[in-house]
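1. any chance you can model this:
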Amino acid sequence: MDKNEKNYIALVLLHVAIGVLIYLIPPISKLYGFSILILGLYYVIKTRNRNNDVLFVAAYIVGSEVFLRMTGGNILYEFSKYGVMIFLSMGMYYSGFSKNAVPLWIYLLLLLPGVVVATETLNLQSDLRTSIAFNITGPVCLGIASIYTYNRKILFSQLNNMLLTLGLPIISTTVYLILYTPELKTILVSTGSNLATSGGFGPNQVATMLGIGMFIFFTRLILASKTKLLFIINLIILLNISYRGLVTFSRGGMLTGLVMMTLFLVILYKDISSYARSRLYILFVFMIAAFALTWIYTSNQTSGLIDKRYANQDAKGRMKESQFTGREDIWNSEIAAFEDHPVFGVGVAKGLEIRKEKTGETVTSHNEITRTLAEHGTMGIIALLIVFFTPFFLYLDNKQNIFIFCFLIFWLMTINHAAMRIAAPAFVYSLSLLKVYMDEETPLHRE
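-> Model prediction:
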């Protein structure tokens, strides 16, 4: 067993222990949250960001966000977004940023009219600062992170380690969920998203992080399992994350993870040698079998409810009227708001007020695209187009970033079912803008 293998196993066991300790002694979660901030600041100041250290700190913050929220350890509710912005701003202070990142500066400027409009349109009884911040921190976090990463040079091995840094807290999350969740057959009575299987926290956000965790450890299974022991460890982690994600009964995060893994395999298949392809075939068949067994086990544990959930049926097997749990009404209201105010929109956070005035209920948007249309108008459309097309332009001279479209699809699918309530879509998107170089540690067999 070499040093790298020992270090990896030690990191995995440490995060298993963190999950167990926080379950047994909940106040440790607050200490964990403060430790991330303090140690992160110390690390970046000490290294002066010589090796893009801020990206590793930001990745860890993003990976731990939902875990800290569900266990009460977050310093602020939006700590992760602010943390990413602070650390990557420090990175720009130490290491600068690309002068070609003009599209991202334009993107940030396009968000300003919606904020200005909001100061005029929001009701007097609203907390102006809180209302605007809740809706704008996600897009601003994406802008700042992307300005830092835009065409920034990084080795593939560093990017792979960065993803691991994001994935380690997800191991702690999974362990915590294993300990927290009661016997499934005693608590599952419907096919709706389930708080009891999601650590008592929002199933949508939990499943989103477990979905990206699936992708991370799936890629490690292929790219970073040099020994049978590492392969077994990564497989156990992957299948446990997958199972815990399925039993949240929140589909968005799981489907996103599945699409990312499929896209990764397609890209990898095109980029490797004939010998490596033959090995990939074997692994592909093995993984299909492993995931099939995981699904069968999940179906058994949930008395078939998981099958009905993904078939959009209720517990009695009847087809549900809404495929998107009623979110169509929110989309329609936001599109209507855009049609009424097509240029600058109704203003940041005003969409929530409009729905409350019409229905009497406070219903937040799950879709960042329609929310942006409603609250930012045409300025928002241009902003979204900049974000969507920038990775495509960079890909023309950045084909060694084999994760680029996986990161983009994570952002796009996540903002369609969970908006930007967590920092993950903003940060993961920004990784698609990195200029990646393959190095001797890259475990790819090319033609």
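2. and stretch 391-403, end to end?
-> With CA to CA, to the nearest Å applied, stretch 391-403 spans 11 Å between its terminal residues.
3. tell me which residues of it are tucked away?
-> Under the neighbour-count criterion of 16 or more other CB atoms under 10 Å, stretch 391-403 has P391, L394, N398, Q400, N401, I402, F403 buried. C-beta coordinates here come from the backbone N, C-alpha and C atoms, glycine included.
4. any chance of those in JSON lines, plus distance to D53 and pLDDT?
-> Below are the buried residues of stretch 391-403 laid out as JSON lines (distance: CB to CB, whole Å; pLDDT from 0 to 100):
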{"residue": "P391", "distance to D53": "24", "pLDDT": "96"}
{"residue": "L394", "distance to D53": "23", "pLDDT": "93"}
{"residue": "N398", "distance to D53": "22", "pLDDT": "83"}
{"residue": "Q400", "distance to D53": "22", "pLDDT": "85"}
{"residue": "N401", "distance to D53": "20", "pLDDT": "88"}
{"residue": "I402", "distance to D53": "23", "pLDDT": "91"}
{"residue": "F403", "distance to D53": "20", "pLDDT": "95"}
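5. ok, those residues vs T302, which is closest?
-> In terms of CB to CB, no member of those lies closer to T302 than F403, at 32.2 Å.
6. so who does L142 touch?
-> Shown in contact with L142 (CB atoms under 8 Å, 6 or more residues apart in numbering): V387, W411, M420, P425, A426, Y429, S430.
7. from the buried residues of stretch 391-403, which is closest to I25?
-> F403 (36.7 Å).
8. so how far is the lowest-mean-pLDDT helix or strand in the chain from its chain's centroid?
-> The helix or strand of the chain with the poorest confidence is helix 350-359; it has a mean of 76 (mean pLDDT, DSSP states H and E). The chain centre lies 28 Å from the centre of helix 350-359; the measure is CA atoms, centre = their mean, to the nearest Å.
9. could you name the helices and strands sitting against that helix?
-> If contacts are counted by 3 or more CB pairs under 8 Å, 6 or more residues apart in numbering; DSSP states H and E, helix 350-359 sits against helix 102-121, helix 327-340, helix 368-395.
10. output the first one as CSV, nothing but the C-alphas.
-> Read it as helix 102-121. Extracted in CSV, the C-alpha atoms of helix 102-121 (Å, rounded to 0.1, in the frame of the first residue of the first chain):
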residue,chain,number,x,y,z
VAL,A,102,-15.3,40.1,-19.8
PRO,A,103,-18.4,38.0,-20.5
LEU,A,104,-18.7,37.2,-16.8
TRP,A,105,-18.3,40.8,-15.8
ILE,A,106,-21.1,41.6,-18.3
TYR,A,107,-23.2,38.8,-16.7
LEU,A,108,-22.8,40.4,-13.2
LEU,A,109,-23.7,43.9,-14.6
LEU,A,110,-26.9,42.4,-16.2
LEU,A,111,-28.1,41.4,-12.7
LEU,A,112,-28.0,45.0,-11.4
PRO,A,113,-31.2,46.3,-13.1
GLY,A,114,-33.2,43.6,-11.4
VAL,A,115,-31.8,44.7,-8.0
VAL,A,116,-32.6,48.4,-8.7
VAL,A,117,-36.1,47.6,-9.8
ALA,A,118,-36.6,45.5,-6.6
THR,A,119,-35.9,48.6,-4.5
GLU,A,120,-38.9,50.2,-6.1
THR,A,121,-41.3,47.3,-6.4
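11. show me the contacts for the closest residue in space to G114 that isn't next to it in sequence.
-> Leaving aside its chain neighbours, G114 sits nearest to H376 (4.0 Å; criterion: CB to CB, 6 or more residues apart in numbering). Taking CB under 8 Å, 6+ apart, we find H376 in contact with L110, L111, P113, G114, F344, G345, V348, A383.
12. out of those residues, who's nearest Q158?
-> If you rank those by distance to Q158 using CB to CB, A383 comes first, at 29.5 Å.
13. the closest one contacts L110, doesn't it?
-> Yes - when contacts are counted by CB atoms under 8 Å, A383 is listed as touching L110 (4.2 Å).
14. and the gap between L11 and V66?
-> Computed as CB to CB, to the nearest Å, the L11 to V66 distance reads 19 Å.
15. these two: which has the busier surroundings?
-> V66 (28 against 14; other CB atoms under 10 Å).
16. now the more buried one: how far from E328?
-> V66 sits 26 Å away from E328, going by CB to CB.
17. K399 now?
-> As for K399, its distance to E328 is 39 Å (criterion: CB to CB).
18. now stretch 262-270: buried residues?
-> L263, F264, L265, I267, L268.
19. please, which helix or strand holds N194?
-> Assigned by DSSP states H and E, N194 belongs to neither a helix nor a strand.
20. show me what contacts it?
-> I187, L188, P203, V247, T248, F249.
21. and the strands in this structure?
-> 153-155, 435-437 (DSSP state E).
22. so what secondary structure elements neighbour the first one?
-> The criterion is 3+ CB pairs under 8 Å, 6+ apart, and the helices and strands that strand 153-155 contacts are strand 435-437.
23. direction included, what does the strand it packs on pair up with?
-> strand 153-155 (parallel) (DSSP bridges).
24. quick one: mean pLDDT for the strand it pairs with?
-> The average pLDDT within strand 153-155 is 95.
25. same question, stretch 241-259
-> For stretch 241-259, the per-residue pLDDT averages 94.
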